[in-house]
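**Q** Quick one, fold the following:
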Amino acid sequence: MKVKTKIVISANEWETRVAVFEQDRLVEFYIERAEQQNFVGRIYKGRVENVVKGLRGAFVNIGLRKNGFLPLTEIPEFDTLEGEEAEGGRLPPRTITLREGEEILVQVVKDPFAEKGARLTSLISIPGRYLVYFPNAQQVGISRRIADRQERNRLRAAVRQFKSPNAGLIIRTVAQEASFEDLKREYQELERSWEEIRHKAEQLTAPALLYEEPSIGLKVVRDLLNDNVEKILIDYEPTYQQILKYVSRIAPRFRRRIEQYRGETPLLEFTGVEAELERLFHKRIWLKGGGFITIDQTEAMVAIDVNTGRSAQEEDPEKLILETNLEAAAEIARQIRLRDLAGLIIIDFIDMQDPHNTERVVQELRTQLANDRAKSDFSKMSRFGLLEMTRERTRPGMMYLLFETCPVCQGSGRVRSRSEVAMRIERLILTRLPKLRGRKVRILASPALTEFLTTEWFERLAEFARRYELAIDVKTDYQLGPTEFKLLTEAG
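**A** You can find the predicted model right below:
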């Protein structure tokens with residue numbers, strides 16, 4: 001089925017934001033900022049700092065704050081882009097033998113995250129529009145999404161005519177639209193890129209950056225541009241000219257689909273992206289049928305819960321639950337892509353009696369994730385009604401790009417209740433009581449806490465002061481956080 005796609009690119013000197021719409025619904029969103037670099041795809045000449053046999057890996061200095069981690073036992077897979085497969089199956093495992101101080105070429109496959117360094121591979125790849133070039137492999141892979149056997153044979157036969165015996169290739173889905181000349185020209189460009197990288201590696205001392213992927217706008221256009229893309233809307237002149245030049249060179253027939261936005265309303269507001277982002281990180285997401293899903297994200301995993309909510313008009317409970325679960329599966333798939341949720345994801349669908357209905361829900365989730373470029377893997381529904389899935393993580397999710405840890409709750413999502421803080425104030429006064437008795441105690445508190453102490457807690461505070469022979473005065477300090485306070489004493 002043809003999926004109508006639109007790409008919106010809003011940029012300025014400091015950042016680029018890219019939104020991808022499918023069937024007029026926002027499904028992917030990317031941000032690239034000068035201070036938040038994306039390292040995935042970069043090729044470095046690194047230096048092995050230490051080999052840890054217990055972890056079956058090595059830590060490699062590539063010039064970043066933390067050393068990257070390189071597994072010593074690799075299983076290079078030719079299905080890392082769009083579900084490609086290698087001719088004759090996967091490549092055989094290989095074990096890298098490294099010594100401390102040795103220099104090695106590595107590529108970043110996962111951005112640094114939290115306190116972890118970048119994840120590295122020694123299987124170098126350089127992606128193009130039609131092909132992905134592997135300088136140290138020999139196999140030819142082809143996208144599983146190219147279903148026509150005759151077309152698969154045509155593409156394989158074409159690349160064998162010009163491919164070096166010492167290089168490997170993945171033929172990407174969009175190559176269905178490419179002629180022999182297109183494929184050959186891009187292969188030669190990728191081969192030249194590799195020669196430049198190899199030459200730089202010979203000249204530079206580790207750690208050194210040898211290659212990096214293009215800007216996010218150009219990268220998305222390179223990876224997504226096909227017949228399904230109806231429009232690419234860009235509001236920044238330099239980015240518009242850059243992408244127009246690129247498309248004119250690699251796929252001139254799509255040139256007319258690139259438009260420069262000149263409206264007065266900011267582009268992301270005009271296309272509804274800003275409004276969508278405002279709802280993006282609400283914990284509860286309502287469904288059109290009246291049900292809702294909740295999403296709780298932690299560093300280790302994501303928990304998603306499905307509820308019927310207000311959807312109680314259907315008399316048949318099983319039918320109501322099935323409809324809610326199906327609608328939830330579609331929205332969960334969209335939220336996974338939009339929020340870039342990754343790692344272990346556990347989904348608690350509403351329990352259903354009919355196993356066939358359960359299969360329908362799981363299949364709906366798989367179908368809705370069919371266009372997701374990150375790899376996913378699913379388990380069977382557990383006897384507790386939980387579906388476990390994993391999704392490839394290459395970079396921190398959108399929550400870590402758009403939000404920072406709350407300085408008040410430190411990321412827990414909860415702060416102490418005002419009554420608990422009030423009791424803490426009392427306990428602190430009691431610990432200092434011998435020095436405070438007969439003296440005036442001033443409590444400096446935030447506006448919200450001051451209001452609580454002088455209204456709901458007033459009688460208790462007055463009784464506390466009378467009992468312990470204290471004069472207590474509560475004042476507002478606007479510089480204090482919601483649960484912060486200070487105690488000051490004055491002579492009685």
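
**Q** Let's verify E202: helix, strand, or coil?
**A** Classification of E202 using DSSP: H, G, I helix; E, B strand; the rest coil returns helix.

**Q** how close does it get to E196?
**A** With distances taken as CB to CB, to the nearest Å, E202 is found 11 Å from E196. From N, CA and C alone the C-beta is placed, and that goes for glycine too.

**Q** When the two are compared, which one has more neighbours?
**A** Taking other CB atoms under 10 Å, E202 and E196 do not tie; E196 has more neighbours (12 against 8).

**Q** if I pick the more buried one, what's in contact with it?
**A** By CB atoms under 8 Å, 6 or more residues apart in numbering, E196 lies in contact with nothing.

**Q** C-terminal to the helix or strand containing it, what's the next element?
**A** Using DSSP states H and E, E196 sits within helix 180-203. Per DSSP H and E, the first helix or strand lying C-terminal to helix 180-203 is strand 208-211.

**Q** That following strand pairs with which strands?
**A** Looking at strand 208-211 with DSSP bridges, its partner strands are strand 43-52 (antiparallel).

**Q** And the partner strand, what's buried?
**A** 43-48, 51 (16 or more other CB atoms under 10 Å).

**Q** E359: which of those is nearest?
**A** Relative to E359, the closest of the buried residues of strand 43-52 is I43; by CB to CB it sits at 43.2 Å.

**Q** The closest one touches V106, doesn't it?
**A** Yes: if you go by CB atoms under 8 Å, I43 and V106 touch, sitting 7.4 Å apart.

**Q** quick one: common contacting residues for the two?
**A** I124.

**Q** Give me the helices and strands touching the strand or helix carrying E28, please.
**A** Assigning secondary structure by DSSP H and E places E28 in strand 25-33. Applying 3 or more CB pairs under 8 Å, 6 or more residues apart in numbering; DSSP states H and E, one finds that strand 25-33 contacts strand 15-22, helix 216-224, helix 273-280, helix 317-339, helix 398-402.

**Q** Kindly export the helix holding E196 (C-alpha atoms) in PDB.
**A** Extracted in PDB, the C-alpha atoms of helix 180-203 (Å, rounded to 0.1, in the frame of the first residue of the first chain):
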ATOM      1  CA  PHE A 180      22.300   0.600 -14.000                       C
ATOM      2  CA  GLU A 181      24.100   4.000 -14.600                       C
ATOM      3  CA  ASP A 182      22.600   5.400 -11.400                       C
ATOM      4  CA  LEU A 183      23.900   2.400  -9.400                       C
ATOM      5  CA  LYS A 184      27.300   2.500 -10.900                       C
ATOM      6  CA  ARG A 185      27.700   6.200 -10.500                       C
ATOM      7  CA  GLU A 186      26.800   6.000  -6.800                       C
ATOM      8  CA  TYR A 187      29.100   3.000  -6.200                       C
ATOM      9  CA  GLN A 188      32.000   5.000  -7.700                       C
ATOM     10  CA  GLU A 189      31.200   7.900  -5.400                       C
ATOM     11  CA  LEU A 190      31.100   5.700  -2.400                       C
ATOM     12  CA  GLU A 191      34.300   4.000  -3.400                       C
ATOM     13  CA  ARG A 192      36.000   7.400  -3.700                       C
ATOM     14  CA  SER A 193      34.700   8.400  -0.300                       C
ATOM     15  CA  TRP A 194      36.300   5.300   1.200                       C
ATOM     16  CA  GLU A 195      39.600   6.000  -0.500                       C
ATOM     17  CA  GLU A 196      39.600   9.500   1.000                       C
ATOM     18  CA  ILE A 197      38.900   8.000   4.400                       C
ATOM     19  CA  ARG A 198      41.700   5.500   4.000                       C
ATOM     20  CA  HIS A 199      44.100   8.200   2.900                       C
ATOM     21  CA  LYS A 200      43.200  10.400   5.900                       C
ATOM     22  CA  ALA A 201      43.700   7.400   8.300                       C
ATOM     23  CA  GLU A 202      47.200   6.900   6.900                       C
ATOM     24  CA  GLN A 203      48.100  10.600   7.500                       C
END
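
**Q** so where do the helices sit in the chain?
**A** 149-162, 180-203, 216-224, 237-250, 267-270, 273-280, 317-339, 355-368, 398-402, 418-431, 433-436, 447-454, 458-467 (DSSP state H).

**Q** Next, the buried residues of the last one.
**A** Of the residues in helix 458-467, those buried by neighbour count under the rule 16+ other CB under 10 Å are 461, 464.

**Q** and the angle for that helix with helix 447-454?
**A** Using axes from the mean of the first three to the mean of the last three CA atoms, to 10 degrees, the inter-axis angle of helix 458-467 relative to helix 447-454 is 70 degrees.

**Q** between helix 458-467 and helix 418-431, what angle do the directions make?
**A** 10 degrees.

**Q** Show residues contacting helix 458-467.
**A** 422, 426, 429, 453, 470-472, 474.

**Q** how about 7 Å then?
**A** 426, 453, 471-472 (CB atoms under 7 Å, 6 or more residues apart in numbering).
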